[in-house]
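In: the following block contains a protein sequence and its predicted model.
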Amino acid sequence: MAESLRARHLWLRRLGWLLLIWAASIAALGAVALGLRLLMGWVGMTA
């Protein structure tokens with residue numbers, strides 16, 4: 001029973017890390033997109 005609980009804890013921990021890395025990558029992509037949009041606005045390339 002203890003092994004099963006330990007395996008489940010490990011699986012949930014790995015899933016947590018996966019979600020954290022995914023969220024960080026989405027945030028980084030958003031920051032880069034915002035930066036490019038601001039840069040394009042500053043140089044006059046607005047839509």
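Out: Yep, it's here.

In: state the mean pLDDT of stretch 22-31.
Out: Computed over stretch 22-31, the mean pLDDT rounds to 98.

In: can you list the low-confidence ranges for this structure?
Out: Filtered on pLDDT under 70, the chain yields the residue ranges 47.

In: and the helices in it?
Out: Counting by DSSP state H, the chain has helices at residues 2-42.

In: check the gap between the most far-flung residue of the chain relative to its centre and residue 8 for me.
Out: What lies farthest from the middle of the chain is residue 1; by Cα atoms, centre = their mean that is 34.3 Å. For residue 1, the distance to residue 8 equals 11 Å [Cβ to Cβ, to the nearest Å]. C-betas here are computed from N, CA, C, even on glycine.

In: swap in residue 27?
Out: Taking Cβ to Cβ, one finds residue 27 at 29 Å from residue 8.

In: got it, and residue 45?
Out: Residue 45 is 52 Å from residue 8, by Cβ to Cβ.

In: how about residue 33?
Out: 37 Å.

In: over to residue 35?
Out: Taking Cβ to Cβ, one finds residue 35 at 41 Å from residue 8.

In: now the phi/psi pair for residue 45, please.
Out: Phi and psi for residue 45, reported as degrees, to the nearest 10, are phi -100, psi 50.
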